[in-house]
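Peer 1: My questions are about this predicted structure, shown below with the sequence.
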Amino acid sequence: MKHLLRLNKYLYKYKGYLLLGTLFTIISNIFVIIPAQLVRISIDFVVESFKYYQVFGEGHLAEIARSQFLKFVLVFGVLILVMALLRGFFLFLIRQTVIIMSRLIEYDLKNDIFDHYQKLPLSFFRQNSTGDLMARITEDVSRVRMYLGPALMYGINLLVLFPLVIGYMLTVNVELTIYSLLPLPILSISIYFVNNMINERSEKIQRSLSGLSTFVQEAFSGIRVLKAFVREEDSSNEFTKASEDYKDKSIRLTLVQSLFFPLIMGLIGVSTILTVYVGGIQVMDGQIGYGVIAEFILYVNMLTWPVTSLGWVTSIIQRAAASQARINEFLDVENPMISTESYVGPISGDISVKNVSFVYPDSGIKALQNVSFTIKSGESLAIIGTTGSGKSTIANLLLRMYDPQEGEIWIDDKNIQEYDISDLRKQIGYVPQDVFLFSDTIASNIAFGRDQTDMDIVEKAAKDADVYENIVKFPNGFNTKLGERGVTLSGGQKQRVSIARAVAKEPRILLLDDCLSAVDTKTENAILNALKDIMVNRTSIIISHRVSSAKLADKIIVLDDGRVIEQGSHDILMAKKGVYAELYEKQTQVNEVVGE
């Protein structure tokens, strides 16, 4: 239960719902006990009245006695009906308080988890799978809600109903109470074990269904490859095996579930038989009336579900505790990326990287070693290097997705760690190497970095990124809805929309991380020409493995295995006839051959 203590702050927040739910539970249970007493009184009244009725025999007095008798029976019937309606009304109120409280807490908990996720560094998401993150905010939270809702509701009901009913039963007849309640502990223990078996097999079914869904999703996502390699039959066979496993697990669960209600009904039957047997002996001995037997049978039925739910509630609490432990594990992850000064304000764009070394914490890969360079506000820098040389790592450090283990990064004579992280990122336009577009309209994707969608700015950004003509040719233009991850667009169009999204922010620093890799030479030249105007009076960093992207830059640095091996302008580096010059000549020759 220690893991569930984290939820007490939410229970305290919604204590009004909880207190009202408890009050309504007490009142509803009072209306449960009263009808049973009315049944006892009415049965005893019927038995006694029938004796007197027989004395009158036939005649006028018999008719009067019969009329009075029926009036009393009708009054008892109406009272029992009123009690049932009142109980139903308060049961409705219980659900409108306790269950709604659980939904409100579920809402708060999901928001708190999602908010915490967004504050965690990039390394957290590299270390944990998306599926696991989603499971904790969906399935685990749902299990916790079951504890806060149904389990809490039935638990309160159990704590209220048991003292009321058993206390009253003991005042009526101690011996009959003991015998009538004898099977109930056995029922509770049996239900606990059956529930555990059901939960265990349900878990296996969920895992099997998850595997089946993953297999189907992968098969349909890769249908082109399946058809090209003529592997449809193999895929069908694998699906049949997965379906067979799911079917077998489902049948095994059905077998256990089929024990549930027979077990309940059987033990209730035993309890009823004991009540009638012991009560019958006491009636014959003149100790109690007939009505007491009927009253106790009703009490046994009242207690059956709370006792049955005890095993079910225990199982829910166990599962909720396990889920909350998983949730707490992520909530306890602290964000090392904190701002030392929380400085907020406009930046001009001076950047100074001083002897920076960086090792990825999740993989241990050393990405940068003693990297240093400076850029003045409004200048442009090209970072050239082969795959794995550390180019994208510099982009991550400038965005402060990570902090370097050694060295410092300064922006406008302030250490990058002094800036408020969100405010800093708002002033950086970033185009990632791996383009991600949301399932929304093109206009919304381009305006994603702005608080409001200004179509003039959106259209200008699209023109600057050389994607405007493509967009207006779509039937719905800028209102075209993109598919998942922007599947509606080609690779080049996605990259250009991503560039437009960064430009639309009107940032002080523009960071292009190998964003022209999916476009051809002609489109690249068109975008680069458009970027000339965008980069004016704006600090720009162009990261690329193509030397052609470097021609706009005032300064170029060449990375190799995390080290700066060359730096200078295009002309200076070409004159050195080093790595840059060699790359330039190779790529130029390739482009000439392709052009021919």
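Peer 2: Thanks, I have it.
Peer 1: pLDDT averaged over the helix or strand that Leu19 is a member of - what is it?
Peer 2: In this structure, Leu19 is located in helix 15-56 according to DSSP states H and E. Per-region confidence: helix 15-56 scores 80 on mean pLDDT.
Peer 1: gap between it and the chain center?
Peer 2: 46 Å (CA atoms, centre = their mean, to the nearest Å).
Peer 1: Quick check: next helix or strand after it?
Peer 2: Along the chain past helix 15-56, the next helix or strand (assigned with DSSP H and E) turns out to be helix 60-94.
Peer 1: Which elements pack onto that next one?
Peer 2: Using 3 or more CB pairs under 8 Å, 6 or more residues apart in numbering; DSSP states H and E as the contact criterion, the secondary-structure elements in contact with helix 60-94 are helix 15-56. For the C-beta atoms, the positions are set from N, CA and C on the backbone; glycine is no exception.
Peer 1: packing partners for the helix it packs on?
Peer 2: Using 3+ CB pairs under 8 Å, 6+ apart, the elements in contact with helix 15-56 are helix 60-94, helix 100-119, helix 152-172, helix 290-331.
Peer 1: could I get the ones you listed as CSV with mean neighbour count, mean pLDDT and distance to Val356?
Peer 2: Shown next, in CSV, are these (neighbours: other CB atoms under 10 Å; pLDDT from 0 to 100; distance: least, CB to CB, whole Å):
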stretch, mean neighbour count, mean pLDDT, distance to Val356
helix 60-94, 14, 81, 61
helix 100-119, 16, 91, 24
helix 152-172, 17, 85, 53
helix 290-331, 20, 80, 30
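Peer 1: Quick check: can you list the domain ranges of this protein?
Peer 2: 1-171+317-334, 174-287, 348-427+540-596 (automatic domain parsing).
Peer 1: Of the ones you listed, which stretch is the most buried?
Peer 2: Per-residue neighbour counts averaged over each of the domains of the chain give the maximum for domain 348-427+540-596, namely a mean of 17 (mean count of other CB atoms under 10 Å).
Peer 1: how far does it sit from the chain's center?
Peer 2: When C-alpha coordinates are averaged (CA atoms, centre = their mean), domain 348-427+540-596 and its chain have centres 37 Å apart.
Peer 1: Let's test this: mean pLDDT of it, rounded?
Peer 2: 84.
Peer 1: how far away is the residue positioned nearest the centre of the chain from Gln217?
Peer 2: The residue at the geometric middle of the chain, judged as the C-alpha nearest the mean C-alpha position with CA atoms, centre = their mean, is Ile137 (2.4 Å). Distance of Ile137 to Gln217, computed by CB to CB, to the nearest Å: 20 Å.
Peer 1: one step back: can you say which of the domains of the chain is nearest to Ala443?
Peer 2: Comparing the domains of the chain against Ala443 with CB to CB, the closest turns out to be domain 348-427+540-596 (19.9 Å).
Peer 1: which residues sit in contact with the closest residue to Asp44 other than its chain neighbours?
Peer 2: Distances taken as CB to CB, 6 or more residues apart in numbering put Gly291 closest to Asp44, at 4.0 Å, once the chain neighbours are dropped. With contacts defined as CB atoms under 8 Å, 6 or more residues apart in numbering, the neighbours of Gly291 are Val39, Arg40, Ile41, Ser42, Ile43, Asp44, Val47.
Peer 1: Recalculate using a threshold of 6 Å.
Peer 2: Listed by CB atoms under 6 Å, 6 or more residues apart in numbering, the contact partners of Gly291 are Arg40, Ile43, Asp44.
Peer 1: ditto for Lys376
Peer 2: Applying CB under 6 Å, 6+ apart, we find Lys376 in contact with Asp350.
Peer 1: Could you pull up phi and psi at it?
Peer 2: Its backbone dihedrals place Lys376 at phi -80, psi 160, with angles given as degrees, to the nearest 10.
Peer 1: Same check on the one 4 residues further on?
Peer 2: Phi and psi for Ser380, reported as degrees, to the nearest 10, are phi -130, psi 150.
Peer 1: was I right about it contacting Asp554?
Peer 2: Yes: between Ser380 and Asp554 a contact is recorded at 5.1 Å, counting by CB atoms under 6 Å.
Peer 1: what does stretch 446-461 contact?
Peer 2: The contact list for stretch 446-461 (CB under 6 Å, 6+ apart) reads Ala443, Ala500, Arg501, Val503, Ala504, Lys505.
Peer 1: Restrict that stretch to CA atoms and write it as CSV.
Peer 2: Listed next in CSV are the C-alpha coordinates belonging to stretch 446-461 (Å, rounded to 0.1, in the frame of the first residue of the first chain):
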residue,chain,number,x,y,z
ILE,A,446,3.9,25.5,-40.1
ALA,A,447,2.5,27.7,-37.4
PHE,A,448,3.3,25.1,-34.7
GLY,A,449,6.0,27.3,-33.0
ARG,A,450,3.7,30.3,-32.8
ASP,A,451,0.9,31.1,-30.2
GLN,A,452,-1.5,32.0,-33.0
THR,A,453,-1.8,31.0,-36.7
ASP,A,454,-1.1,34.1,-38.8
MET,A,455,-1.7,33.0,-42.4
ASP,A,456,0.5,35.9,-43.8
ILE,A,457,3.5,34.6,-41.8
VAL,A,458,2.6,31.0,-42.7
GLU,A,459,2.4,31.7,-46.4
LYS,A,460,5.7,33.7,-46.4
ALA,A,461,7.5,30.9,-44.5
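Peer 1: buried set for it?
Peer 2: Ile446, Ala447, Phe448, Gly449, Arg450, Ile457, Val458, Glu459, Lys460, Ala461 (16 or more other CB atoms under 10 Å).
Peer 1: ok, the fifth one to Met574 distance?
Peer 2: Spelled out, that is Arg450. 40 Å.
Peer 1: returning to that earlier point: can I assume the residue nearest to the centre of the chain is in contact with Asp115?
Peer 2: No: counting by CB under 6 Å, no contact exists between Ile137 and Asp115, whose distance comes to 10.8 Å.
Peer 1: just the buried residues of stretch 446-461 now: which is nearest Gly77?
Peer 2: Taking CB to CB as the measure, Gly77 lies nearest Phe448 of those, at 67.5 Å.
Peer 1: and that closest one, how far is that from Ala462?
Peer 2: Following CB to CB, the distance that separates Phe448 from Ala462 is 13 Å.
Peer 1: Then Val333?
Peer 2: The value you get for Val333 to Ala462, if CB to CB is used, is 39 Å.
Peer 1: With Leu399 instead?
Peer 2: In this structure, Leu399 and Ala462 are 24 Å apart, going by CB to CB.
Peer 1: ok, now Leu170?
Peer 2: Distance of Leu170 to Ala462, computed by CB to CB: 81 Å.
Peer 1: Which residues are in contact with the closest residue to Tyr147 other than its chain neighbours?
Peer 2: The shortest distance from Tyr147 to any non-neighbouring residue, by CB to CB, 6+ apart, is to Ala320 (3.4 Å). Applying CB under 6 Å, 6+ apart, we find Ala320 in contact with Arg143, Val144, Tyr147.
Peer 1: quick check, nearest of those residues to Ile409?
Peer 2: For the contacts of Ala320, the closest approach to Ile409 (CB to CB) belongs to Val144, at 41.0 Å.
Peer 1: hang on, isn't that closest one packed against Gln324?
Peer 2: Yes: using CB under 6 Å, Val144 is in contact with Gln324, at 5.4 Å.
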